[in-house]
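In: next input, structure requested:
(3 chains)
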Amino acid sequence: MSKTPLLEVHGLTKYFMARRSLLSRRQKLVRALEGVNLRVYQQETLGVVGESGCGKTTLGRAVMRLIRPTSGQVLFEGQDIVPLDRREMRRYRRDMQMVFQSPYSSFDPRFSVLNSIAEPLRAHTTLRGEVLVSRARELLEQAGMPGEILFRYPHEFSGGQLQRIAVARALALNPKFIVLDEPTSALDVSVQAQIINLLQRLQRELKLTYLFITHDLSVVQHISDRIAVMYLGKVVELSTTEAIFYETRHPYTQALLASAPSLDPELRQERIILTGGVPDPADPPPGCSFHPRCPMVMPICSQIEPTFTDVGDGHMVACHLFGEQRGA
Amino acid sequence: MASIHERSTGTQATQRAARFKELGFMLQAFRRDPLAVVSLVLILLFIMGVILAPVLTAYPEQGRGDPNILEKFQPPSRVHPLGTDYLGRDVWARILFGGRSSLSIGFLVVFVASAIGIPLGAAAGYYGGRIDDVLMRITDIFLAFPPLLLAIAIAAALGASFTNAMIAIAFTWWPWYARLVRAQTLSLREQYFIEAARSIGVSDASIIARHILPNVLTPVLVQATMDIGSAILTGAGISFIGLGVQPPTPDWGKMISTGRIYFIERPWFAGSAGAAIFLVTLAFNLLGDAVRDVADPRTRRAVS
Amino acid sequence: MNDVLLSVQDLHVRFKTYAGVVRAVNGMTFDVRQGEIFGLVGESGCGKSVTGFAVLRMVPYPGEIVRGGINFRGEDLLQKDESEMQDVRGGHIAMIFQDPTASLNPVFTIGNQVTRVIRQHMSAGPGEARRRAVEMFDAVGLPDPARVFRAYPHELSGGMQQRVMIAMALSSGAELLIADEPTTALDVTIQAQILALLTELRAKQGVSILFITHDLAVVAETCDRVGVAYAGDIVEMGQADDVLHRMKHPYTQGLLAALPRPTYRGQALQSIEGSVPDGIYLPPGCPFHPRCPAAMDLCQVEKPPLFSVGPEGHVAACYLYAQEELA
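Out: Predicted coordinates:
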C-alpha cells in the first residue's frame, strides 16, 4: 500500500433539481455532494459510510463518471476525468469498474451469464468466439463460480452467486480500481462473509484498489484501511479505521458508532440517541449541517461552516471543536 | 467448495421458475383458459380462410369482383351458402376475399405503428430531457384527437385507397406504443445492469437496442395483440365511409355500407360482413386479454 | 411475566406455485410470554416472516396453513372465522412491517388512518378517537403530535412513519405486537431510536413483542429470548444471552462466526459452505446437514427434535446433544 493516490477528488459538488412534491412543478435544489475532498491510495480500501441522504451513493457514481459533477475534479492517476469526452473517457473505463448493491437488477434478465460477462470484453477487446468463452470461464472461476454456469440465466441464481458473477464481470478488463456500492447489503450474513472474503482475496492477488460504500459499520470496519464518514453531502471525518473507531472526534461519528447495535456487551457504548431525523438535502441547516442534532453544539456552529482540518496524523475532521475557529 | 456448485438454491430462485419453464407455464396456463383457446382457434381459422380463399369457394372470380347480375339478391341456399349480393356475387366468396384486406389492414397498422412508436418511445424514455419533452408534446397532440376522426381526416386528405387508409390509421396509433414503451423504458433505466453497461462504455444506441428493447417487448406484444382487433374494426369503419378499399375489391366495411340499404329485407350480405368483423375483433380482444393474464405471473392462475 | 401469551405449535405452511410446492414453515414451535420481547431470527427463506403472517392468518396467496396450532391466550386462532380474526387483528395482536411507506395510504392523512383503526376496535366517537390517537403519538415520542395528525404520510420521515405505525398498532389496545423487520429499512441512528421506543413500550405498557429480523446484533440488544430459524423450523432457542454467546447448534455457531467483528479484523471471515435450501427441495432429515461440519449418518435420515442444552430452556435441534437425554 503506497502513498501514491490512485484517485483524488477535489471540491466535488453535485446538485440535482427535483420537484418539490408530487403535485408541484417548482423545483428544489438537492445538494447531494458539497465540496468533497478525498484521496484513495494504491491498493487500499477506502470505506465510505453514512446514512441515507449523505451522498455516498452519488459519490460513487460521480467518481465513475456515471453522473456529471456540478463542479470539482476527479483525478484518476493524475488526470482529471470530469471534462473528458466519451472517446477520451473510454480508456479510463477499463481501469475503473463498479459492483452494485442489488445483484438481482445488476444483470439483464435476458442475457445469459456468458453474455453479461462478455459485454465488457466485446466493448473493449477483440476477443471473440472460443477465446472469449474461455476468458469468461476463467473470470468466473476466479470469483469462485464453476464455468458450467455460463449458459444459464440470472434468475436461476441466488443473491450471493449473482454477486460473485458481478465481481467476475467487474474483473473482465483487469481494472485497477473498483467502486463497490453496498455490495453485501442485500445478502444474508453467511453469504456476505463469502463475498467479503472473496473481495479481500482478489484485492491481494490482483493488487486492486477499492472504494467501499456501505452503511454497515461492522463490515466497513472489517474491510477498510481508511474510512470517510459522510453527512448531508459532506465528509465530516476521515482517517484510518483504527482512529475512526477508537479515537473518534466528530460528534456525528460518535453518535453513529454508538447507535449501532452490537453483539458484544463489552463493546456496547453509551447510547447517544440523536433527536430528530436526517434533514432534507434540499434544505440543509446553515453553518454546520449537523448542528441542530449535535449534543455539543456551540453558537458558532449555526453560523459558520467548519473547515476540514487535520487534527494530527492525517486524521481529518470538520468540526468547530477542533478547527482553527475554536476560541476565536 | 463443492457445495457452491449445487443447483440453484434460495427462495428467490424457486419463486422464479427457469426461463424456459416459465414459457412452459405460460403455455400451460394458456391452454387451460377456454376463452384463450377458442379465440386463438377462431383467429387461425380466419387467417387460413382468407389465405386459402380461392380454394374454399366455387366462385373465386365473383369473390374478386365479377358481377353475376342474373343471380342477384338470392337468399342463402345450397348453391350460395350465404346468398348473393346486389350484383349477384356469392357472399361467402366476398367474405373470404374481403377478409384479405380487412385482416391485412389490422396486421399492417399494428406493425407500422409499433415500428414508429417503439424506437421513439425508447429514445424518449432513455434520454429524457429535451428529447423526451419534444416527443411527448408530439404524442400529446396526436392523442388529443379521437383516433377514428383523425384517421378519417388523414385518409380523406391522402385520397381513398387501401394503402392510404392503412397509413392514416397507423399514424394515429403510434403514439400509444410510444407512450407504453417510454413508461417501460423509464423504469428499466433505473436498473443496475443499465448503469453497468454505461460504466463499461457501451454506447447509448447499443444499450437501447440490446438491453431496453428486448425487455419491453412483453407488454408491447400484449397491446399489439389486442390492437389488431381494433385496427380491423377501424379499418372497416374507414372503408365503410368509402375512404378505404375501392370497389370492386371486396372489403367487409364496404360490404356493410353498400348492403345496409337492403338490410331489412335482404340482411345476408351486410349481416355476414358485420358478423365477420364482430367475431374477428372479439377473438383478438380475448386473445390479448389471455396473453396479458398469462404473461403476468400474478394473474396467472395457480396450479390447482 | 411468565404467562404464555402466544403459543405456536408444529406450524406448517405451504405455498403451491408453478415451480412446485414451497414448504416455507415446517414444524415451527415457540412461545411468546407476557411482557417479553421474543426474537425470531434467521436468514432469508427461513420462514420467519411467513410465521408472523400466519399468526394473524394473513398468509398471502398461494400460501396456506396446512397443520399446527396457534394459541393466543389459550384460544385457538386457527378455529376462528374471518370476522373473529378481524377483532383479533389490531384489537389483540397487531403487526408492523419493514417498509412504513408501503403500509400507509398516501392519499389520507395520518389522523384519518389512525382514527379509523381506533374506531373499528373501540366504539369511540371521532373526538374520542382523535384524543386517543394524539395520546398514542405522544407515547411513541412523535414531536408535535397535533401536526402529525394533520400530516400526510409523505411529509414524514421514515423514522416518524415507523413511529406512526407503532402508534397505530397499539392504539386499539393490542397486547402483542408482531414486528417484521421494523428497523431494517431505517438508518442506524433512527433504528436506535425505534429500538429504544420498543423497549420502553414493553416496560411502560407491558406490550409483548414478537420481533422478526435477520439482524443478530439488534436481537442481542433488544430481545429477552431468541429462536433461531432455519428452513422453516427452530434450530435453537433460549435466553438471548445463551443463544448468542453459548450457542450450541452448528448453524447458530456458523452464523455468528460469519459476522465481521472488530476482534477478527484482518482475518478471513468464517462462512458456512453452500447456501440456504430452497423450500421446494428440502434435504431429508436435518435440513442443515449438507452444510454442517459435524454431520453424522443419523442426521441425513431423521430430523432431530429439540434437545435441552442448557439452563432456562436453552434447546437445540441437533443430535450432538442427544447424549444428555438418552442417558
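In: how about the residue in the stretch 151-300 of chain C positioned nearest to chain B, secondary structure?
Out: In the stretch 151-300 of chain C, no residue comes nearer to chain B than residue C:274, which is 3.3 Å away by CB to the nearest CB. In this view, the C-beta of every residue, glycine as well, is placed from N, C-alpha and C. When classified by DSSP: H, G, I helix; E, B strand; the rest coil, residue C:274 comes out as coil.
In: what number of residues lie near it?
Out: Residues near residue C:274, counting by other CB atoms under 10 Å in any protein chain shown, number 19.
In: then residue C:76?
Out: For residue C:76, the neighbour count with other CB under 10 Å is 12.
In: touching, it and residue C:69? I think so.
Out: Yes. The pair residue C:76 / residue C:69 is scored as a contact, 6.1 Å apart, by CB atoms under 8 Å.
In: now residue C:11: phi and psi?
Out: Dihedral pair for residue C:11: phi -80, psi 130, per degrees, to the nearest 10.
In: next, residue B:157: secondary structure please.
Out: Put simply, residue B:157 is helix when judged by three-state DSSP.
In: and the gap between it and residue B:243?
Out: 10 Å (CB to CB, to the nearest Å).
In: and the two? Which one has more around it.
Out: Neighbour count, other CB under 10 Å: between residue B:157 and residue B:243, residue B:243 has more, with 24 against 10.
In: how close does the more buried one get to residue B:151?
Out: 9 Å.
In: kindly report the same for residue A:177.
Out: Distance of residue A:177 to residue B:151, given as CB to CB: 57 Å.
In: could you do residue C:119 as well?
Out: Taken as CB to CB, the span from residue C:119 to residue B:151 is 54 Å.
In: heading C-terminal from the longest helix seen in chain A, find the next helix or strand.
Out: The longest helix of chain A (DSSP state H) is helix A:189-206. The element immediately downstream of helix A:189-206 (helix or strand, assigned by DSSP states H and E) is strand A:209-214.
In: partner residues bridging residue 13?
Out: I'll assume chain A. Note on residue A:13: beta-bridge partners by DSSP bridges are residue A:71.
In: oops, I was thinking of chain C
Out: Residue C:13 forms beta bridges with residue C:25, residue C:65, as assigned by DSSP bridges.
In: my read: it touches residue C:27, true?
Out: No. Using CB under 8 Å, residue C:13 makes no contact with residue C:27, being 10.4 Å away.
In: so between the two, which is more surrounded?
Out: Using other CB under 10 Å as the criterion, residue C:13 and residue C:27 rank with residue C:13 on top: 24 against 19.
In: who's in contact with the more buried one?
Out: Residues in contact with residue C:13 (CB atoms under 8 Å, 6 or more residues apart in numbering or on different chains) are C:23-25, C:47, C:50-51, C:54, C:59, C:63-66, C:232.
In: now, of these, which are buried?
Out: Among the contacts of residue C:13, those classed as buried by 16 or more other CB atoms under 10 Å in any protein chain shown are C:23-25, C:47, C:50-51, C:54, C:59, C:63, C:65, C:232.
In: closest one of these to chain B?
Out: For the buried ones among the contacts of residue C:13, the nearest to chain B is residue C:24 (8.1 Å; CB to the nearest CB).
In: check the contact between that closest one and residue C:279; I expect there is one.
Out: Yes. Applying CB under 8 Å as the test, residue C:24 and residue C:279 come out as touching, 5.3 Å apart.
In: what is in contact with the two at once?
Out: Shared contacts of residue C:24 and residue C:279 (CB under 8 Å, 6+ apart): C:15, C:47, C:232.
In: how far is stretch B:71-83 from where the chain is centred?
Out: With CA atoms, centre = their mean, to the nearest Å as the basis, stretch B:71-83 stands 32 Å off its chain's centre.
In: related to what we said a few turns ago, which one of residue C:119 and residue B:151 has more residues nearby?
Out: Using other CB under 10 Å as the criterion, residue C:119 and residue B:151 rank with residue B:151 on top: 26 against 16.
In: please, which helix or strand holds that one?
Out: Using DSSP H and E, residue B:151 falls in helix B:147-158.
In: by contact count, what packs against that helix?
Out: helix B:162-189, helix B:213-240 (3 or more CB pairs under 8 Å, 6 or more residues apart in numbering or on different chains; DSSP states H and E).
In: and the contacts of it?
Out: Contacts of helix B:147-158 (CB under 8 Å, 6+ apart): B:142, B:164-165, B:167-169, B:171-173, B:234, B:237-238, B:241, B:243-244.
In: pLDDT of that helix, averaged?
Out: Mean pLDDT, helix B:147-158: 83.
In: with just CA atoms, put it into PDB.
Out: The C-alpha coordinates for helix B:147-158 follow below in PDB (Å, rounded to 0.1, in the frame of the first residue of the first chain):
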ATOM      1  CA  PRO B 147     -58.400   8.300 -33.300                       C
ATOM      2  CA  LEU B 148     -61.100   7.500 -35.800                       C
ATOM      3  CA  LEU B 149     -61.700  11.100 -36.600                       C
ATOM      4  CA  LEU B 150     -58.100  11.800 -37.200                       C
ATOM      5  CA  ALA B 151     -57.700   8.700 -39.300                       C
ATOM      6  CA  ILE B 152     -60.700   9.800 -41.400                       C
ATOM      7  CA  ALA B 153     -59.300  13.200 -41.800                       C
ATOM      8  CA  ILE B 154     -55.900  11.900 -42.900                       C
ATOM      9  CA  ALA B 155     -57.400   9.300 -45.200                       C
ATOM     10  CA  ALA B 156     -59.600  11.900 -46.800                       C
ATOM     11  CA  ALA B 157     -56.600  14.200 -47.300                       C
ATOM     12  CA  LEU B 158     -54.500  11.500 -48.900                       C
END
